[in-house]
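Undergrad: fold the following for me, if possible:
(2 chains)
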Protein chains: 2
Amino acid sequence: MSLIHRLDARSPEFDAALTRLLAYDASQDEAIETAVRDILHDVRTRGDAAILDYTARFDHVRADRLEALEIPRADWQAALDGLPADQRAALEAAADRVRRYHEHQRAETWTYTEPDGTVLGQQVTPLDRVGLYVPGGKAAYPSSVLMNAIPAKVAGVSELIMVTPTPGGARNPMVLAAAALGGADRVFAIGGAQAVGGLAYGTRTLPAVDKIVGPGNAYVAAAKRRVFGTVGIDMIAGPSEILIVADGSTPAEWLAIDLFSQAEHDELAQAILLCPDGGYLDAVQAAIERLLPAQPRADILRVSLANRGALIRTGSLEQACDIVNRIAPEHLELSVRDPQALLPLVRHAGAIFLGAYSSESLGDYCAGPNHVLPTARTARFSSPLGVYDFQKRSSLIQVSQAGAQTLGRIAATLATGEGLHAHAASASLRLDPQP
Amino acid sequence: MSLIHRLDARSPEFDAALTRLLAYDASQDEAIETAVRDILHDVRTRGDAAILDYTARFDHVRADRLEALEIPRADWQAALDGLPADQRAALEAAADRVRRYHEHQRAETWTYTEPDGTVLGQQVTPLDRVGLYVPGGKAAYPSSVLMNAIPAKVAGVSELIMVTPTPGGARNPMVLAAAALGGADRVFAIGGAQAVGGLAYGTRTLPAVDKIVGPGNAYVAAAKRRVFGTVGIDMIAGPSEILIVADGSTPAEWLAIDLFSQAEHDELAQAILLCPDGGYLDAVQAAIERLLPAQPRADILRVSLANRGALIRTGSLEQACDIVNRIAPEHLELSVRDPQALLPLVRHAGAIFLGAYSSESLGDYCAGPNHVLPTARTARFSSPLGVYDFQKRSSLIQVSQAGAQTLGRIAATLATGEGLHAHAASASLRLDPQP
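TA: Residues are numbered from 1 along each chain as shown, chains lettered A, B, ... in the order given. The predicted model follows:
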């Protein structure tokens, strides 16, 4: 098995090879689907009691009442106060920067008035109550707490309820500290499909929420998919991806490590570099070979780079951008001298990092933009998590008496054409009597 | 069976009665799910040939090649030219007003520069290609073509592909005329799950799209749900709903007909009136009794009003607004003297019609805002169809060398805390060497 695929975009076999490289089986596991269906039904039927049973079974945490699994605010504050000074400062700086960026995304209500006095517009309001799922165990990332909680609070969500499993009773102090900094309102030590069901349907103790966001394992993802419609959900994330376009001006080691920073997530993560300079690709490959053995997560890196990584020679930077649009990557680094020149050629990407100093890792933690991004080509039609995911719009229509005369005739004609007689009558009734 | 439910929000049994009234079984039909799964698999495998087979079987339209089922632009223009003058004028006026309103929704790219030269922002781009499903037969509404097509074209979608079944070869000239006015780029005479699959996966003749919007029957809805993730979709609509808050100042006949205008859609449509004045509710009920027999769609009205309609007496207008937020209706009429006084109390509704002259029917056709609205309480977390559904955002992150010094230290600290070593290394590599 080679270290990493080498492909050439100028070859006639390239299209097929790229398709194989990108292939990813997102099909759902029937056993998980069935288990989740049953858990959700049970939570919907038995409420608190069902959540307590599953928490005892899966997390080995036993309680008589669900109230006992709420983690009080004093505990989060203690977790924050207990952090080493550098970690606390870093977490606070990240939260501040994320908050400042997201404040630019807040949409406002607007209206306009037509000459006849009719007012049209759009009212923007926050969601009332949001559930935030935070995984327990090894994938418990405090940065994800901030990235999910802050946009919700900037939007004006009045109640943010975090759930996070504590297997064997082990709490993650960084996650609790992030809950305090991110603005959570309540935290429950529950997880899995049972927590998703509790948030979606509501129980005696858990209030029903309007939307559930946050990453989770296959059970959590399946549960979110099933409760969609009862509540809103964010996107179901696939494996993480980085795509780098390089012109050879960035030190080869920097990009080798940038590829690692994605590939280290898990064995399905995808790291791809596009460059028209074959010699530079050789240099990056040499850097990968040299640096890999010392990486603490070398075992994961070897698998993800060999299976899903690639160094691709392109005919030009323009051809590289065509490939970018085909892949529609979650993360795109334009590691070139003049990234602004390439930017207009990029149509589809979750986040675009411009220039050699803009490593994806800065965006993952503290640059400001969200790190919850569309994966698996969904950047063709979807966006980073943002304040807009926690606001919704209502159309405003205030028709004046004069306006009803004009609009009523149009509506009556069209409604009659569609055979909707009461629609036509409703418009016609508002017409002034003819003199 | 009574004509319409009468409820009293001041009674202790009201909560349970309202829950029963709103109950709606959205569960999916297993036979439909299985049929749709097989059709999608077949279209994915056999492409054009599968679409031709299903079109022959379900629509009784036979063709040798899928190209033969494309309806050329000249045919839409002929349909538009062939409309009666009043219908054409009404359709053009509606299209103009819808376009003007939606132009207010277009989001723009923004950036800001920090003191150290780091640039952050958000790039807004349109989707490349969108599929628009338009039902055939009795539910073929040209207004829906406009409401779906215009926001996509205002967003800048470069290719809008409409599909509409033509059972027995019968084309709907109003729908084709609306395709011409709305800005469709191509139209195919195909429908059902096979058309949805063709748009999602692409075939030799049908290009793969990035998102599919538009209403359809249970097969179309099931197919959209299944291809979600491969492409984006709009919301799956439930039965249509109107909720009216009245203070008694609007003529009782107007509101009786407004209730009809929703209830006439189908037998599951929901029409509810809230008013603190019992005498006024009696007057509306009398108007319903008087006006119903002459309604062309009286048979549908009787069923939907008796099963799902209600006149509800509230303790106050404020209590009425609390009920509005609980129901989160698709359409809300504030048919009161001072609607602006109530507006701040309304948190959840798809479209809000203010004042006695603002009948829902005007919004359905030509006021300007979209008539594709969240149903079944989803206005708690979702919005009318809009230009924002056809645009997506990419985060922009251009970190300066100076910025990389500040951000790199924060990111390295947090990444180390999360055990992501390559993330930390990627940030640390960009730090200037210490003197």
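
Undergrad: need the helices for the stretch 101-250 of chain A, in chain order.
TA: When secondary structure is read from DSSP state H, counting those that start in this stretch, the stretch 101-250 of chain A shows helices at A:142-155, A:173-182, A:192-201, A:218-227.

Undergrad: okay if I get those helices as a markdown table plus distance to chain B and mean neighbour count?
TA: Bear in mind the C-beta positions are built from the backbone N, C-alpha and C, glycine included. As requested, the helices of the stretch 101-250 of chain A are exported to a markdown table (distance: least, C-beta to the nearest C-beta, whole Å; neighbours: other C-beta atoms under 10 Å in any protein chain shown):
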| stretch | distance to chain B | mean neighbour count |
| --- | --- | --- |
| helix A:142-155 | 6 | 26 |
| helix A:173-182 | 6 | 24 |
| helix A:192-201 | 12 | 28 |
| helix A:218-227 | 9 | 22 |
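
Undergrad: how about CSV for those, with mean pLDDT and distance to B:A184 added?
TA: Formatted as CSV, the helices of the stretch 101-250 of chain A follow (pLDDT from 0 to 100; distance: least, C-beta to C-beta, whole Å):
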stretch, mean pLDDT, distance to B:A184
helix A:142-155, 97, 35
helix A:173-182, 95, 45
helix A:192-201, 98, 38
helix A:218-227, 93, 32
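
Undergrad: out of those, which is closest to A:A286?
TA: Among the helices of the stretch 101-250 of chain A, helix A:142-155 comes nearest to A:A286, with 31.7 Å by C-beta to C-beta.

Undergrad: just checking, what packs against the closest one?
TA: Helices and strands touching helix A:142-155, as assessed by 3 or more C-beta pairs under 8 Å, 6 or more residues apart in numbering or on different chains; DSSP states H and E, comprise helix A:85-103, strand A:129-133, strand A:159-163, helix A:173-182, helix B:401-417.

Undergrad: in the stretch 1-150 of chain A, what residue is nearest chain B?
TA: A:A90 (3.9 Å; C-beta to the nearest C-beta).

Undergrad: pretty sure that residue sits against B:T413.
TA: Yes. Using C-beta atoms under 8 Å, A:A90 is in contact with B:T413, at 3.9 Å.

Undergrad: what about these two, which has more around it?
TA: Taking neighbours as other C-beta atoms under 10 Å in any protein chain shown, A:A90 and B:T413 compare with A:A90 leading, 25 against 22.

Undergrad: please name the bridge partners of A:Q122.
TA: In this structure, A:Q122 bridges to A:W110, A:S395 when assessed by DSSP bridges.

Undergrad: just give me the neighbour total for it.
TA: A:Q122, neighbours per other C-beta under 10 Å, totals 21.

Undergrad: again with A:R430
TA: The burial count for A:R430: 24, using other C-beta under 10 Å.

Undergrad: mind listing what the nearest residue to it once chain neighbours are set aside touches?
TA: Once flanking residues are discounted, A:R430 sits nearest to A:A404: 4.2 Å by C-beta to C-beta, 6 or more residues apart in numbering or on different chains. Residues counted as contacts of A:A404 (C-beta atoms under 8 Å, 6 or more residues apart in numbering or on different chains) are A:427, A:430-431, B:357-359, B:362.

Undergrad: buried ones only from those residues, please, as a PyMOL command.
TA: Buried residues within these, by 16 or more other C-beta atoms under 10 Å in any protein chain shown, are selected in PyMOL with:
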select buried, (chain A and resi 427+430) or (chain B and resi 357+358+359+362)
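
Undergrad: tabulate the contacts of A:A404 in a markdown table, adding columns for secondary structure, pLDDT and distance to B:T314.
TA: Output for the contacts of A:A404, formatted as a markdown table (DSSP: H, G, I helix; E, B strand; the rest coil; pLDDT from 0 to 100; distance: C-beta to C-beta, whole Å):
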| residue | secondary structure | pLDDT | distance to B:T314 |
| --- | --- | --- | --- |
| A:A427 | helix | 97 | 27 |
| A:R430 | coil | 96 | 25 |
| A:L431 | coil | 96 | 31 |
| B:Y357 | coil | 98 | 23 |
| B:S358 | coil | 98 | 21 |
| B:S359 | coil | 97 | 21 |
| B:L362 | helix | 97 | 26 |
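
Undergrad: between the contacts of A:A404, which is closest to B:P251?
TA: Distances from B:P251 to the contacts of A:A404, taken by C-beta to C-beta, are shortest for A:R430, at 9.8 Å.

Undergrad: roughly how far does that closest one sit from B:I257?
TA: Distance from A:R430 to B:I257, counting by C-beta to C-beta, to the nearest Å: 10 Å.

Undergrad: A:D234 now?
TA: A:D234 is 41 Å from B:I257, where distance means C-beta to C-beta.

Undergrad: who has more neighbours, those two?
TA: The neighbour comparison of A:D234 against B:I257 (other C-beta under 10 Å) goes to B:I257, with 27 against 17.

Undergrad: host element of that one?
TA: Element membership for B:I257, per DSSP states H and E: helix B:252-263.

Undergrad: that helix: how far from the chain's middle?
TA: The chain centroid and the centroid of helix B:252-263 are separated by 23 Å, computed with C-alpha atoms, centre = their mean, to the nearest Å.

Undergrad: right, and the helix or strand after it?
TA: Next in sequence after helix B:252-263, counting helices and strands by DSSP H and E, comes strand B:270-275.

Undergrad: can you list the strands that that following strand pairs with?
TA: According to DSSP bridges, strand B:270-275 has these partners: strand B:241-246 (parallel), strand B:310-313 (parallel).

Undergrad: and these as CSV, adding mean neighbour count?
TA: Shown next, in CSV, are these (neighbours: other C-beta atoms under 10 Å in any protein chain shown):
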stretch, mean neighbour count
strand B:241-246, 27
strand B:310-313, 23
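
Undergrad: tabulate those strands (CSV), appending mean pLDDT and distance to B:G216.
TA: As requested, these are exported to CSV (pLDDT from 0 to 100; distance: least, C-beta to C-beta, whole Å):
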stretch, mean pLDDT, distance to B:G216
strand B:241-246, 98, 19
strand B:310-313, 98, 29
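
Undergrad: show me where the stretch 1-150 of chain A has its strands.
TA: Listed in chain order, the strands of the stretch 1-150 of chain A (DSSP state E, counting those that start in this stretch) span residues A:5-8, A:70-71, A:110-113, A:119-126, A:129-133.

Undergrad: what's the last one in contact with?
TA: This points to strand A:129-133. A:145, A:148-149, A:152, A:157-164, A:184, A:191, A:195-196, A:199-200, A:207-216, A:220, A:224, A:231, A:390.

Undergrad: repeat for the fourth one
TA: Contacts of strand A:119-126 with the rest of the structure, by C-beta under 8 Å, 6+ apart, involve A:107-114, A:155-158, A:390-398, B:101, B:104-105, B:343, B:347-348, B:352, B:354, B:367-369.

Undergrad: what about that strand, distance to the chain center?
TA: For strand A:119-126 - counting by C-alpha atoms, centre = their mean - the centre lies 26 Å from the chain centre.

Undergrad: quick check: mean pLDDT of it?
TA: Mean per-residue pLDDT for strand A:119-126: 98.

Undergrad: check the last one too.
TA: Averaged across strand A:129-133, pLDDT comes to 98.

Undergrad: likewise the shortest one?
TA: Model confidence over strand A:70-71 averages 98 on the pLDDT scale.

Undergrad: now stretch A:100-108
TA: 97.

Undergrad: with stretch A:374-383 instead?
TA: Mean pLDDT, computed over stretch A:374-383, is 96.

Undergrad: for it, measure first residue to last.
TA: Taking C-alpha to C-alpha, to the nearest Å as the measure, stretch A:374-383 stretches 6 Å from start to finish.

Undergrad: do it and chain B come into contact?
TA: Yes. With C-beta under 8 Å from any C-beta of the partner chain as the measure, stretch A:374-383 is seen reaching chain B through A:374, A:376, A:378-383.
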